[in-house]
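Q: Based on what follows, work out the 3D shape:
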Amino acid sequence: MRAIQLNGLEGPENMRLVDIKRPKPAPNEVLIEVKAAGVNYAEVEQTWGRYPLPRPLPIIMGFEAAGVVVDCGSRVERLKIGDRVTGVVSSGGYAEYATADASLTMPIPDGISFAEASTIPIQGLSAYTLLKLAAKPLPDETLLIQAAAGGVGLYLVQLAKIMGVKRVIALASSPRKLELVRRLGADVVIDYSHSTWPDQVMQATGGKGVDVVLEMASGKIGDASFNLIAPFGRVVFYGAKNYHDTISTVKMQQLSFKNQSLIGYAFPTLRPEQIKECVQPLLDLISQKKIKLVAANSFPLVRAEAALAALSSRQTVGKVVLIP
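A: Below you'll find the predicted structure:
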């Protein structure tokens, strides 16, 4: 089978298209014929050796995939050959076939394409668990979402409104992205490419600031967002871009003097039971069409490097997928 293999840690150019043997499922695994492989920023970081869960090289790239079950391990009972599924994979999703633990694999709701389904395992569940387990926004609070037109961001906007958040402020970087997040429920949309965007946030909150910042972008955007937290507010750090950020003394003083909270969140280190309790509620919302899935950026498998470049450039909207 064809697959994308990472052979070095100097960036995406170290990925190569290779021909290898089709993997065999372990007793608790299924073998999936991959129809769409999700592309995540964590995989960009992985190519540079900056992802915090290292694996020895060479490796087949890709954390998630959607497709059809073509073989089942001896202990698999819940799934069968022919099922349309999506999930976190164990052998690498940038391939024509991938194995996945049956417990990390879920059925694709009716009416959902394979590309759309590839948004669910990591981005969809990351957004749901982030809100439910870490941010825990209250109905009368104001929530600021960075990169709101990205894969996780689009879920966050919709889920926050479903969970009853009074005011969602969404940051995005183009008229097309701003219009999309507005249609999906954001109460206030702001172009963060304009230098006045922090002033616009303060104006939208009547000078109070925001109660919750969902922080996935470090650097200047992250620093500016930190300064927008209201007294007794909180910031939730998530996403691969924040794994190497540092908290300055000035920020720590602000947290103390304004009675604010800093919360860390990482989807890969959640307990299995925490993820499991969120799967069905999320699938129910998707089945009921209460969440719109956006996967408009597809690349053939042989263009994996271009897919990662597109994601890194912030020119994409929603999910980026590879189609074997």
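Q: now the helices for the protein?
A: Using DSSP state H, the helices found in the chain span residues 41-47, 114-117, 125-129, 151-162, 175-183, 197-204, 219-226, 249-257, 272-287, 304-312.
Q: out of those, nearest to residue 90?
A: Closest to residue 90 of those, according to C-beta to C-beta: helix 272-287, at 14.1 Å. Any C-beta I mention is one placed from the backbone N, CA and C, and that applies to glycine too.
Q: tell me which residues in that closest one are buried?
A: Within helix 272-287, the residues that count as buried by 16 or more other C-beta atoms under 10 Å are 275, 278, 279, 282, 283, 285, 286.
Q: Mind putting these into JSON lines with pLDDT and distance to residue 127?
A: Converted to JSON lines, the buried residues of helix 272-287 look like this (pLDDT from 0 to 100; distance: C-beta to C-beta, whole Å):
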{"residue": "275", "pLDDT": "93", "distance to residue 127": "13"}
{"residue": "278", "pLDDT": "95", "distance to residue 127": "10"}
{"residue": "279", "pLDDT": "96", "distance to residue 127": "13"}
{"residue": "282", "pLDDT": "97", "distance to residue 127": "9"}
{"residue": "283", "pLDDT": "97", "distance to residue 127": "14"}
{"residue": "285", "pLDDT": "98", "distance to residue 127": "11"}
{"residue": "286", "pLDDT": "97", "distance to residue 127": "12"}
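Q: wait, residue 13 sits on residue 305?
A: Yes. Residue 13 lies in contact with residue 305 (C-beta atoms under 8 Å); the separation is 6.5 Å.
Q: if we can go back for a sec, mind telling me which of the helices of the chain the model trusts least?
A: The minimum mean pLDDT among these belongs to helix 249-257 (a mean of 81).
Q: Could you pull out the buried residues of that one?
A: Within helix 249-257, judged by 16+ other C-beta under 10 Å, the buried ones are 251, 255.
Q: which residues does the closest residue to residue 134 other than its chain neighbours contact?
A: With C-beta to C-beta, 6 or more residues apart in numbering as the measure, residue 265 is the residue that lies nearest to residue 134, at 4.2 Å, once sequence neighbours are left out. By C-beta atoms under 8 Å, 6 or more residues apart in numbering, residue 265 lies in contact with 130, 133, 134, 236, 237, 238.
Q: Just the mean pLDDT for the top strand by length along the chain, thanks.
A: Determined from DSSP state E, the single longest strand within the chain is strand 29-39. In this model, strand 29-39 has an average pLDDT of 98.
Q: most remote residue from this structure's center?
A: Going by C-alpha atoms, centre = their mean, the residue of the chain most distant from its centre is residue 257, 32.4 Å out.
Q: Quick check: that residue vs residue 209, distance?
A: 14 Å (C-beta to C-beta, to the nearest Å).
Q: With distance to residue 93 as extra columns, can I get the helices of the chain in a markdown table?
A: As requested, the helices of the chain are exported to a markdown table (distance: least, C-beta to C-beta, whole Å):
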| stretch | distance to residue 93 |
| --- | --- |
| helix 41-47 | 9 |
| helix 114-117 | 12 |
| helix 125-129 | 15 |
| helix 151-162 | 15 |
| helix 175-183 | 26 |
| helix 197-204 | 35 |
| helix 219-226 | 29 |
| helix 249-257 | 36 |
| helix 272-287 | 18 |
| helix 304-312 | 11 |
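Q: Quick one: end-to-end distance for stretch 13-29.
A: 31 Å (C-alpha to C-alpha, to the nearest Å).
Q: Okay, buried residues for it please.
A: Quick answer for stretch 13-29 (16+ other C-beta under 10 Å): 14, 15, 20, 22, 23, 25, 26, 28, 29.
Q: now stretch 169-176
A: In stretch 169-176, counting by 16+ other C-beta under 10 Å, buried: 169, 170, 171, 172, 173.
Q: what does stretch 120-129 give?
A: By neighbour count on 16+ other C-beta under 10 Å, the buried set for stretch 120-129 is 120, 121, 122, 123, 124, 125, 126, 127, 128, 129.
Q: Return the closest of the residues you listed with respect to residue 141.
A: residue 127 (16.9 Å).
Q: Can you tell me how far that closest one is from residue 63?
A: 16 Å.
Q: just to revisit the earlier point, got the angle between the longest strand of the chain and helix 151-162?
A: Angle between the axes of strand 29-39 and helix 151-162 is 90 degrees (criterion: axes from the mean of the first three to the mean of the last three C-alpha atoms, to 10 degrees).
Q: Can you give the strand pairings for strand 29-39, parallel or anti for each?
A: Using DSSP bridges, the strands paired with strand 29-39 are strand 64-72 (antiparallel), strand 97-101 (antiparallel), strand 320-323 (antiparallel).
Q: Show me the one of these that comes nearest residue 201.
A: Proximity to residue 201 (C-beta to C-beta) singles out strand 320-323 among these, at 27.7 Å.
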